[in-house]
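Trainee: Fold the stuff below for me.
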Amino acid sequence: MLSSFCKVSSACAFLFMILAANGLVAQQVLRPEPQRGEKLVPDGTGHAVLVPDDDAKPTTDTVVTGNGINYHGGPVLQGNPVPIYVIWYGNWNGTGSNTQATVNLIDTFLNSLGNTGYERINTTYGDTTGNVSGNLTLAQQVFDPGSQGTKLRNSKISAAISAQLTSGALPTDPTGVYLFLTASGIRENGFCSSFCGFHTRQTLNGADIKWAFIGNTDRCPSACEIQSTGPNSPSAGVGGADGMINVITHESEEAITDPDLNAWFDNAGQEDADKCNFKFGPTQTAPNGARFNQTFGGHNWMMQMEWENSRGGGCDQTLGGPFFTN
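Mentor: Numbering: from 1, shown residues only. Predicted structure coming up:
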C-alpha cells in the first residue's frame, strides 16, 4: 500500500501461518468495509480509513479509469526520469547482506530499472496534466551509520531524512522519492511484524517530500522474503539484497503513482503494487537454484508484479504482457 508493503494481523493468524510456511507473508490488516458514500484511503501509517467519497473527477483524457483501480484527484510523479535518493542507514560494511556488495547490487538495480517493460507499467497511470514516464534513476545516495540509534520509529526516520536535506547532503526535491534503507541490525517499530516496507509523504525542509522505508529482509526472511536465497545471494540463506529489491519495487511504484496518498488506489485502499502483493507470475530457475522472473542490467531479479491500469486491469510482469493471478 502507499504506506505498507506487507501486513499481518492477529485476526488473520491462520492465513498468516499458511503464507509463512510457503516463505512469504502477503497478508494485510483487517479493514472496515466501506458503505455507500464512503471510501477507504491509505493514511500514511500502514492502515486505511473511511472518509466521505467526494473525489475530484478526471477533467481530461489523461486519466484512464475502469480498470479495477480508481483515481482520486491527486498528482503523480511525471519526471523523466524520477530521481531516486537513497539513505543507507546503519552498518553497511558488515557481514551477510549488510555489505558493499548489497549496496552495489541495489545501485545497479535502480540504475537499470528505468524504461524497462516492467517500469513502463507505471505509464498507465496519470493525473489531469500528464502520465508517469516509466523512467527513474538513482540520483544520489548518502550513508548514515546510525544518527538516530538502532531502534527507530517514524519520527526518527523523518529526523534522519530531514538532517540530510537541511545539511545539503541531499537536495530537497519534491519531485523525487527518498528510500531509507536499513541494515539488518536496525529495528523499526512494526518492521517484520506488521510490514516489510511502507511509503508516505511529509513536509520536510519546507517541501513535500515523498519517502519510503525498506528494511533489510534478512532480519525476518520468513516474513518478508519470497525465498531465503535469491538469484543474487552471495551464499545460501543470505537473501537480503534480493528481498530488499522486491520491497523497493513495491514501494517505488506506489510512491510514483500515488505520491501524496490521494491519487491511485482501489475501493479497499490498495494501491497498484498492493493489488499484486507477493504475486510473481511465471518464474525461471537461476544457477544457484533461486527463482527469478525478470532479467535486465546484467542480473536476474525476483520482483512482484504490478497492476496495469489498462485492458480491464490485472497483474503483469511487463507492459502489455499477459495477466497472472499469482
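Trainee: right, and Gln140 touches Gly168 too?
Mentor: No: using CB atoms under 8 Å, Gln140 makes no contact with Gly168, being 11.2 Å away. In short, each C-beta sits where N, CA and C put it, glycine included.
Trainee: So if I had to pick from those two, which one is more boxed in?
Mentor: Set Gln140 next to Gly168 and count neighbours by other CB atoms under 10 Å: Gln140 wins out with 16 against 9.
Trainee: count of residues packed around Gly298?
Mentor: Neighbourhood size, Gly298 [other CB under 10 Å]: 7.
Trainee: what does Thr172 give?
Mentor: By other CB under 10 Å, the residues close to Thr172 number 16.
Trainee: ranges for the helices of the stretch 51-200 of the chain?
Mentor: 100-113, 154-167 (DSSP state H, counting those that start in this stretch).
Trainee: now the stretch 201-326 of the chain
Mentor: For the stretch 201-326 of the chain, applying DSSP H, counting those that start in this stretch gives helices covering 221-224, 240-257.
Trainee: distance between the last one and the chain's centre?
Mentor: Helix 240-257 has its C-alpha centroid displaced from the chain centroid by 4 Å (CA atoms, centre = their mean, to the nearest Å).
Trainee: what does the first one give?
Mentor: Taking CA atoms, centre = their mean, the mean C-alpha location of helix 221-224 is offset from the chain mean by 16 Å.
Trainee: Give me the average confidence score over that helix.
Mentor: For helix 221-224, mean pLDDT rounds to 95.
Trainee: could the helices of the stretch 51-200 of the chain be laid out in JSON lines, adding distance to Asp258, mean pLDDT and mean neighbour count?
Mentor: Output for the helices of the stretch 51-200 of the chain, formatted as JSON lines (distance: least, CB to CB, whole Å; pLDDT from 0 to 100; neighbours: other CB atoms under 10 Å):
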{"stretch": "helix 100-113", "distance to Asp258": "18", "mean pLDDT": "98", "mean neighbour count": "18"}
{"stretch": "helix 154-167", "distance to Asp258": "18", "mean pLDDT": "98", "mean neighbour count": "17"}
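Trainee: now those as a markdown table including distance to Thr124?
Mentor: What follows is those, written out as a markdown table (distance: least, CB to CB, whole Å):
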| stretch | distance to Thr124 |
| --- | --- |
| helix 100-113 | 17 |
| helix 154-167 | 30 |
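Trainee: wait, which of those is closest to Trp307?
Mentor: Trp307 lies closest, by CB to CB, to one member of the helices of the stretch 51-200 of the chain: helix 100-113, at 17.3 Å.
Trainee: distance of Pro221 from Met244?
Mentor: Going from Pro221 to Met244 by CB to CB, to the nearest Å gives 11 Å.
Trainee: which of the two has more neighbours?
Mentor: Set side by side, Pro221 and Met244 show more neighbours around Met244, with 29 against 22, by other CB under 10 Å.
Trainee: Model confidence at the more buried one, what's the number?
Mentor: Note on Met244: pLDDT of 98.
Trainee: How about the contacts made by it?
Mentor: Neighbour list for Met244: Ser97, Thr102, Ile106, Leu181, Ile214, Gly215, Asn216, Thr217 [criterion: CB atoms under 8 Å, 6 or more residues apart in numbering].
Trainee: Can you get me a residue count around Thr257?
Mentor: Thr257 has 28 neighbouring residues, counting by other CB under 10 Å.
Trainee: where does it land on pLDDT?
Mentor: For Thr257, the pLDDT comes out at 98.
Trainee: One more: Ala241?
Mentor: At Ala241, the model reports a pLDDT of 98.
Trainee: Enumerate every residue touching it.
Mentor: By CB under 8 Å, 6+ apart, the contact list for Ala241 reads Ser97, Ala101, Thr102, Leu105, Ile106, Gly230, Asn232, Ser233.
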